[in-house]
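Enquirer: structure for this input, please:
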Amino acid sequence: MRSLVLALFAVCALCALSAAQVIFTNNDGMLTSTGTTSGTLSLSGSTLTAISGLGPYVANDSVTVPSSIGSFAFTTGSMNGSSNILTGATFGAGGIITFTYTNGVVFTGSFVVGTTPGVAASWTLIAPNTWVFSGTVDGTLKVPGYNPVTIMGATVQLTTFDKAPTAEGGGYKFTDSGGTTNFGTEPHLTPTPPPVPEPGTLTLLGSGLLGLGVFARRLIVKS
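Expert: Here you go, the predicted structure:
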């Protein structure tokens, strides 16, 4: 089976000081439709195997590892029902898309209307047993130690290769896909400020220090 390779997060810059392209690479996976002229399209069973471009924020990026370092999945909004999934289809807004890296980096979003009015994602037959999936996503990128940032207008594109789909549960399953997702904005990650102690915590701390001071004074007087 050809591996599913998905490059996520191609960005112009992640911080003011350094421009970077953030790419998550994943292998395998299955695209599944829940119907032929209605329903949704989902990607499942896809595992991350490499990450690059998050150098300022994530250690050991640009390093390919032999095993899974995370997962990628999505489900579209509802199919518009104007055509058959085998010949091409369009999807409305909604659904969810999630990219999770085991070190805590998470991108979560949903499909939104893109350049085509009313269309958040499309599924296009470009050759025998070869389809291109394209979608527009808004979401949130979370990196441990930094404030979450909003990503608007990210574009997703996947392509299936050279294998006929199998019918299942009223829909179809498609394998051997790959593609890219590009950020349409330049997010800037800022460090998360340290937590500010609550007033009650400060009061308890002060009382404790006062008590220790009185106890120490008594010991000195007795000695």
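Enquirer: ok so S38 is a helix residue?
Expert: No - inclusion of S38 in a helix is not indicated when DSSP: H, G, I helix; E, B strand; the rest coil is applied; the result is coil.
Enquirer: ok, it touching M79?
Expert: Yes - at 5.3 Å, S38 and M79 qualify as touching, with contact defined as CB atoms under 8 Å. Just so you know, the C-beta spots here come from the backbone N, C-alpha and C atoms, and that holds for glycine as well.
Enquirer: of the two, who's got more company?
Expert: M79 (25 against 15; other CB atoms under 10 Å).
Enquirer: check contacts around the more buried one.
Expert: M79 makes contacts with S33, G35, T37, S38, G39, T40, L41, I85, A89, T90, F91, G92, as judged by CB atoms under 8 Å, 6 or more residues apart in numbering.
Enquirer: and these as CSV, adding distance to F107 and pLDDT?
Expert: Output for the contacts of M79, formatted as CSV (distance: CB to CB, whole Å; pLDDT from 0 to 100):
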residue, distance to F107, pLDDT
S33, 24, 96
G35, 28, 95
T37, 31, 93
S38, 28, 92
G39, 25, 95
T40, 20, 96
L41, 19, 96
I85, 26, 95
A89, 25, 96
T90, 24, 96
F91, 19, 97
G92, 21, 96
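Enquirer: which of the residues you listed sits closest to T102?
Expert: Using CB to CB, L41 comes nearest to T102 of the contacts of M79, at 26.3 Å.
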